[in-house]
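# Quick check, what structure comes out for this input:
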Amino acid sequence: MTPEELFEEGAFLLVKKQFTEAIEWLTRAIEADPGMAKAYQARAAAYLQLERLDEAEADLNKALDLDPENPRLYFRMGQIFYRRSQLAQKEEDKRGLLERALEFFNRAIDLEPMYAAAFMARSQVYRDLGEEELADFDLDKAAAVQRELAKARKIVDF
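Next comes the predicted model:
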């Protein structure tokens, strides 16, 4: 099988929520083509679903080396730091992790200003940091982005 075929099988299993099997196929794709950023990204998503945060972060760092302008990679990295913040015992650790998550969500939005999911995630970080006004602003922004995307689809699909 080609690296692309291995990736496609892994991506299919990921969609089917068969995360362990997806990791196996995506690992084979990476072994066949170590420069396939999307395979690292997909495997990181599977690791995230299994709460294997260190492995997800390692894959995202590799994907970022290969594709540094991909907003989804920063979004996923923000998710990792947000999840770690939820596990933190000390308040100062939690705050530091939330601030790191915020940096990644900001970068995702900088790269893709119409990234509704990143606005929603950033809103939750702001809320956890006690920044209610910023949280509400980002929720409004996420809704506005969704409306604009829906309008654009109607124009394209007419």
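# Between the two ends of stretch 85-97, how far is it?
5 Å (C-alpha to C-alpha, to the nearest Å).
# Scan the chain for its longest helix.
Criterion DSSP state H: the longest helix present in the chain is helix 132-157.
# starting at the chain centroid, how far to that helix?
Put simply, helix 132-157 sits 19 Å off its chain's centre (C-alpha atoms, centre = their mean, to the nearest Å).
# again, but for stretch 75-95
In terms of C-alpha atoms, centre = their mean, the centre of stretch 75-95 is set 14 Å apart from its chain centre.
# Can you tell me the SS state at the residue most central in space within the chain?
In the chain, the centroid-proximal residue (C-alpha atoms, centre = their mean) is Arg76; its distance is 2.0 Å. The local conformation at Arg76, judged by DSSP: H, G, I helix; E, B strand; the rest coil, is helix.
# I figured it was touching Leu60, is that so?
Yes. Using C-beta atoms under 8 Å, Arg76 is in contact with Leu60, at 5.6 Å. In short, each C-beta sits where N, CA and C put it, glycine included.
# List the residue ranges of the protein that fall below the pLDDT cut-off.
For the chain, applying pLDDT under 70 flags the ranges 152, 154-158.
# Near Gln89, how many other residues are there?
Gln89 has 6 neighbours, counted by other C-beta atoms under 10 Å.
# can you tell me how far it sits from Lys16?
Distance of Gln89 to Lys16, computed by C-beta to C-beta, to the nearest Å: 35 Å.
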